[in-house]
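**Q** what's the 3D shape of this:
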Amino acid sequence: QVQLVESGGGLVQAGGSLRLSCAASGRNLGIYAMGWFRRAPGKEREFVAAIDWGGGRTSYADSVKGRFTISRDNANTVKLQMNSLKPEDTAVYYCAADRRGVGVQESNEYDYWGQGTQVTVSS
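**A** As a prediction, the model looks like this:
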């Protein structure tokens, strides 16, 4: 069974940076797309960024475009570099894997999920 483990969350001041990592185990995810989602307190889970199986195509939510960068170190490791963080970026961030390999924005298309890592941005 695939397990995804996020790390790198924490507390940072507005304008600062964090880098999240997602490590997968249990299966080679070379053909899977990987995505990042987040859930802020009292809000629904929302798409943040995704990268396709080959790492050649990425997509971002409008709210993070130009500030966040998703990358893929290898088949089983994906990163999310977050710069110019804002208080509204505060949320639990989740890593997810999509066996179709495309990297869509719809969360219900993803097959595996991590437990999440908390990101808190203070003003």
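
**Q** surely A14 is in contact with M82?
**A** No. Checked against Cβ atoms under 8 Å, the pair A14 and M82 is beyond contact range at 12.0 Å. Bear in mind the C-beta positions are built from the backbone N, C-alpha and C, glycine included.

**Q** those two: which has the busier surroundings?
**A** Legend: neighbour count by other Cβ atoms under 10 Å for A14 and M82, higher for M82 (26 against 13).

**Q** so who does the more buried one touch?
**A** When contacts are counted by Cβ atoms under 8 Å, 6 or more residues apart in numbering, M82 touches S17, L18, R19, L20, V64, R67, F68, D89, V119.

**Q** looking at those, which is nearest S107?
**A** Nearest to S107 out of the contacts of M82 is V64 (Cβ to Cβ; 15.7 Å).

**Q** need phi/psi at that closest one.
**A** Main-chain torsions, V64, degrees, to the nearest 10: phi -120, psi -10.

**Q** quick one on the thing from earlier: please produce JSON lines containing the contacts of M82, extended by secondary structure and neighbour count.
**A** JSON lines is the format used below for those (DSSP: H, G, I helix; E, B strand; the rest coil; neighbours: other Cβ atoms under 10 Å):
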{"residue": "S17", "secondary structure": "coil", "neighbour count": "11"}
{"residue": "L18", "secondary structure": "strand", "neighbour count": "21"}
{"residue": "R19", "secondary structure": "strand", "neighbour count": "14"}
{"residue": "L20", "secondary structure": "strand", "neighbour count": "23"}
{"residue": "V64", "secondary structure": "coil", "neighbour count": "23"}
{"residue": "R67", "secondary structure": "coil", "neighbour count": "15"}
{"residue": "F68", "secondary structure": "strand", "neighbour count": "22"}
{"residue": "D89", "secondary structure": "helix", "neighbour count": "22"}
{"residue": "V119", "secondary structure": "strand", "neighbour count": "22"}
